[in-house]
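K.L.:
Would you be able to build a 3D model of this:
(one chain, ligands or ions: 1)
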Amino acid sequence: MTPSTTDAALGVGTPPKADIRFEHVDVVYPNGFKGLDDINLSIPAGEMVGVVGLSGAGKSTLVRSINGLVRITGGEITVGERQLSTIKGAGMRELRSNVGMVFQGFNLAKRTTVLNNVLVGRLFHTSTWRTLIGAWKKDDVELAMDALARVEILPKAYTRASELSGGQQQRVGIARTLAQRPSVILADEPVASLDPPTSHVVMRDLQRINQELGVTVITNLHFLDLARRYCDRLVGLRSGKLVFDGIGADADENVFESIYGRSLTAEDVMDAKPVLDES
Ligand SMILES: Nc1ncnc2c1ncn2[C@@H]1O[C@H](COP(=O)(O)OP(=O)(O)OP(=O)(O)O)[C@@H](O)[C@H]1O
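P.N.:
Numbers count the residues shown, from 1 in each chain. The predicted structure follows:
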């Protein structure tokens, strides 16, 4: 779906594209556990990157370090012009307006409408008094509607979020992020709570947003077949270390075994018939 109004509304005024660079990045948690260990990674604007690895490998830590939800303890992450090691206050707010996030649990306000949930994406760009009394600008409402159209859920704009299915709620979560007009979307296990068909729908939404709007998408995924199918590039982590960085389509069973340190099992792929052989 590529209506010109949607492209215009979501494209005009979008913040400059941001390349992302990890240089010798460490994350040591307060209990002394090393979540990331000397990560070096360069993600040019516009890529769709899947982060894979065993449970506990550091996938969420890596994704969340990009918007400062997890603070790095060594090295440097650069997002556009901003450096994560020193960022705070207004700099952090500006970074987070440019780097949107989609959550596993959707994080919607269930008792209000889909449209109101998506308008939350405009908070970064809206004065406090307007937010408090719900006096959204016409342009913001239009932008929110465009974001809902982008994930094909516009007819639900005035439905309460609690009345939507899990897949629909995640699409609202994506629309909310899109309404921020970010140049980067981080998706932290976006399909972990969804059934297989719905997971594909949500992954296709993210892929379309990446391809049509040029938004960088970085997502950690439990299922290898999903990661390989939808992401141009895969980053493999093992015990906080980068052990693979390559083209998704090139990642065969041997690559996955090197990331996992064991043979693949049915638990590692979403579809009953592994999609690993599909391409
Ligand atoms: N706040 C914290 N304090 C201490 N250790 C933490 C904290 N958060 C995460 N960890 C540890 O860091 C490691 C990496 O966690 P992370 O959530 O990034 O892994 P993951 O690959 O996303 O795992 P999963 O697939 O299970 O979500 C794990 O061993 C985890 O227990």
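K.L.:
where exactly do the helices run in the stretch 1-150 of the chain?
P.N.:
With helices called from DSSP state H, counting those that start in this stretch, the stretch 1-150 of the chain shows them at 4-11, 59-65, 89-98, 114-119, 128-133, 138-150.
K.L.:
between the longest helix anywhere in the chain and helix 138-150, how big is the angle?
P.N.:
With DSSP state H setting the assignment, residue counts place helix 196-213 as the longest helix in the chain. Orientation check (axes from the mean of the first three to the mean of the last three C-alpha atoms, to 10 degrees): helix 196-213 against helix 138-150 gives 130 degrees.
K.L.:
oh, and call the first residue 6 from now on, that's how I've got it
P.N.:
Yes, from this point I'll number from 6; that puts the last item at helix 201-218.
K.L.:
Need the residues that contact helix 201-218.
P.N.:
7, 12, 15-16, 19, 51-53, 107, 155-157, 170-172, 175-176, 179, 183, 190, 192, 195-196, 199, 220-222, 224, 228, 231, 234-235, 275-276 (C-beta atoms under 8 Å, 6 or more residues apart in numbering). Where you see a C-beta, it was placed from the backbone N, CA and C, and this is true even at glycine.
K.L.:
7 Å instead, please
P.N.:
If you take C-beta atoms under 7 Å, 6 or more residues apart in numbering as the criterion, helix 201-218 is touched by 7, 15-16, 53, 155-156, 171-172, 175-176, 179, 183, 190, 192, 195-196, 199, 220, 222, 224, 231, 235, 275-276.
K.L.:
distance of Gly63 from the ligand?
P.N.:
4 Å (C-beta to the nearest ligand atom, to the nearest Å).
K.L.:
where does that residue fall, phi/psi-wise?
P.N.:
Torsion angles at Gly63 (phi, psi; degrees, to the nearest 10) stand at phi 110, psi 10.
K.L.:
who's in contact with it?
P.N.:
Gly40, Leu41, Leu242, Gly245 are the contacts of Gly63 under C-beta under 7 Å, 6+ apart.
K.L.:
where does the second one sit relative to the ligand, distance-wise?
P.N.:
Distance check for Leu41 against the ligand: by C-beta to the nearest ligand atom, it reads 8 Å.
K.L.:
ends of stretch 252-267, how far apart?
P.N.:
Length of stretch 252-267, first residue to last, C-alpha to C-alpha, to the nearest Å: 21 Å.
K.L.:
Out of the helices of the stretch 6-155 of the chain, which gets the lowest mean score?
P.N.:
The stretch with the lowest mean pLDDT among the helices of the stretch 6-155 of the chain is helix 9-16, at a mean of 48.
K.L.:
can you list the residues of the chain near the ligand?
P.N.:
Remark: the part of the chain in contact with the ligand comprises 34, 36, 38, 40, 58, 60-66, 225, 227, using C-beta under 6 Å from any ligand atom.
K.L.:
Which one of those residues is nearest to Gly73?
P.N.:
Sorting the residues of the chain next to the ligand by distance to Gly73 puts Thr66 at the head of the list, at 12.4 Å, by C-beta to C-beta.
K.L.:
Gly241: how many residues sit nearby?
P.N.:
By the other C-beta atoms under 10 Å criterion, the neighbourhood of Gly241 contains 25 residues.
K.L.:
and it, that one's in a helix?
P.N.:
No: membership of Gly241 in a helix is not supported by DSSP: H, G, I helix; E, B strand; the rest coil, which gives strand.
K.L.:
Going by neighbour count, which residues of the longest helix of the chain are buried?
P.N.:
Thr203, Ser204, His205, Val206, Val207, Met208, Asp210, Leu211, Gln212, Ile214, Asn215, Leu218 (16 or more other C-beta atoms under 10 Å).
K.L.:
now for the residues you listed, which pair is the farthest apart?
P.N.:
The span of these, defined through C-beta to C-beta, is set by Thr203 and Leu218 at 22.1 Å.
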